[in-house]
Every structure is written in C-alpha cells, then in structure tokens.
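Novice: Quick one, fold the following:
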Amino acid sequence: IFRQHVYVGMADNTLALLQHKRKLYLIQVPIVTKELVYQQALRRFGCFGTIKLSSPASLYELLLMAMDEEEAAGHWTPEDGPKDEIAKLGAELLLEKKPMLLEYFQIHIDDEGSLHTLPVILDQYTPDLSRLPEFVLTLANEVNWESEKECFQTLAEALASFYSVQSIVDLASDGAGRPAEEPIGGTNPCEW
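Specialist: Here you go, the predicted structure:
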C-alpha cells in the first residue's frame, strides 16, 4: 500500500506524514507498525532470525513485573488471585510450550524458565524491551494454546503488540534510554 508513497517526516512522536503524488497523508505509526509486524510474523512463520538478550530474563520475574504494572494501572486486584501463584502458573505454561515457541518463533526458553532469545520480525529492528514483561504476560494469558490456528494467530497478535512502535523514541532505544539489543543472525534465514 505504501510502495508509491514518499516518507515526508514525523508530525509528532506517533504520527508520520507520507506523500503520494500531490496528496499528503497522516498515518498513525503504532497502528501501521502493529499491522506490519502481524503480517511479517505470519509470513516468516518458522523462519525467524534471533535477537539474543544480553542476559537471560526469568519468566516468573517478568510475569511478576507485568502484574505489578497491571495493578498500578488498576487492571489487577488481589481478588484476581495471588500474584506469585499466577506468575508461577504462567511460567509453567510457557515452559511447557517452549519447544513450539523455539521451533516456530525462535523464542528460546531454557529449562529453568529464563528467556534467552526473541525473533527478528523486522530486519534491523529490536522492540522496546521495557515492554517485555507485558509481552510475556500476554503470551501466558491471551494466547489460545488449545487450537493450532488460533494459537498462531493470537501469538502473532501478541508479537505485533510487543514489536509495534509506540513512539519515535522506540526506534532509537529500548524505551528506557539504553541502546537496543543487537540482532544475532539479523536477517531472515529463509529469504526467498
């Protein structure tokens, strides 16, 4: 759709200007990048490069962090259940799904429940890693693990939400002011 358009510049942190012939278009970068990542996740299914995290991240700790964020936003209350038990169950679920996550999405989880790699969905782009806890919580709670087709669709949706650019700041750092992680084997191993 954008092939004939020329990038003009950013209007603000989330809106970009594109030109086609004599018309100027304003696009919402988060929405467009989310759709692009979703399509790429489905297109590259089973053929992802990897982004190696600088140090492994405990699924349990990431889930606890995500629930703390949910609680701060008013989306979790103690009536939902004890956070430590929910985090333990979520980590166990993802540990159980680790062979499939690695084979099809290059999401490597070790036997101790630590996350080591993420997939390269867009070459030369690393997602905002400050959103990693939210992504892991989404994997544990919102992916439909029961139906194969729905599993891959909801997993692609989770990846799209995580990888989408929320603001122009995301392009320069991991969202916390640190340089983004470096992709390892940063191109698609299944180029066609």
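Novice: hey, let's count contacts and neighbours off CA atoms from now on
Specialist: Noted.
Novice: and the helix or strand containing Ala160, what does it pack onto?
Specialist: Taking DSSP states H and E as the definition, one finds Ala160 inside helix 148-163. Here helix 148-163 touches helix 29-43, helix 132-142, going by 3 or more CA pairs under 8 Å, 6 or more residues apart in numbering; DSSP states H and E.
Novice: Tell me what angle the longest one forms with helix 148-163.
Specialist: Going back to what we said before, that points to helix 29-43. Compare the direction of helix 29-43 with that of helix 148-163 by axes from the mean of the first three to the mean of the last three CA atoms, to 10 degrees and you get 140 degrees.
Novice: which strands and helices sit next to helix 29-43?
Specialist: Secondary-structure packing of helix 29-43 (3+ CA pairs under 8 Å, 6+ apart): helix 148-163.
Novice: if we can go back for a sec, neighbouring contacts of the helix holding Ala160?
Specialist: With contacts defined as CA atoms under 8 Å, 6 or more residues apart in numbering, helix 148-163 is touched by 33-38, 41-42, 126-128, 131-132, 134-135, 138-139, 142-145.
Novice: cutoff 7 Å now
Specialist: 34-35, 37-38, 41-42, 127, 131, 135, 138-139, 143-145 (CA atoms under 7 Å, 6 or more residues apart in numbering).
Novice: do stretch 58-76 as well
Specialist: Residues from elsewhere that reach stretch 58-76 (CA under 7 Å, 6+ apart): 77, 83-84, 87-88, 91, 113-115, 133-134, 136-137.
Novice: returning to what we had before: just tell me which of the helices and strands packed on helix 148-163 ends up closest to Glu103.
Specialist: Shortest distance between Glu103 and the helices and strands packed on helix 148-163, using CA to CA, is found for helix 29-43: 13.6 Å.
Novice: in the closest one, what's buried?
Specialist: Within helix 29-43, the residues that count as buried by 16 or more other CA atoms under 10 Å are 29-31, 33-42.
Novice: And for stretch 38-58?
Specialist: Neighbour count says stretch 38-58 has 38-42, 44-53, 57-58 buried, by 16+ other CA under 10 Å.
Novice: Just the pLDDT for the nearest residue to Lys98 once chain neighbours are set aside.
Specialist: If the residues on either side of it in the chain are set aside, Lys98 comes closest to Ile109, at 5.9 Å by CA to CA, 6 or more residues apart in numbering. Looking at Ile109, its pLDDT reads 97.
Novice: Redo the helices and strands packed on helix 148-163 as a markdown table? Include mean pLDDT.
Specialist: Formatted as a markdown table, the helices and strands packed on helix 148-163 follow (pLDDT from 0 to 100):
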| stretch | mean pLDDT |
| --- | --- |
| helix 29-43 | 87 |
| helix 132-142 | 96 |
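Novice: so how far is Val8 from the spatially most central residue of the chain?
Specialist: Central residue of the chain (CA atoms, centre = their mean): Phe162, 2.7 Å from the mean position. From Phe162 across to Val8, the span is 26 Å (CA to CA, to the nearest Å).
Novice: Quick one: the strands in the protein, in order.
Specialist: For the chain, the strands defined by DSSP state E cover 6-10, 15-20, 23-28, 49-58, 114-120, 183-184.
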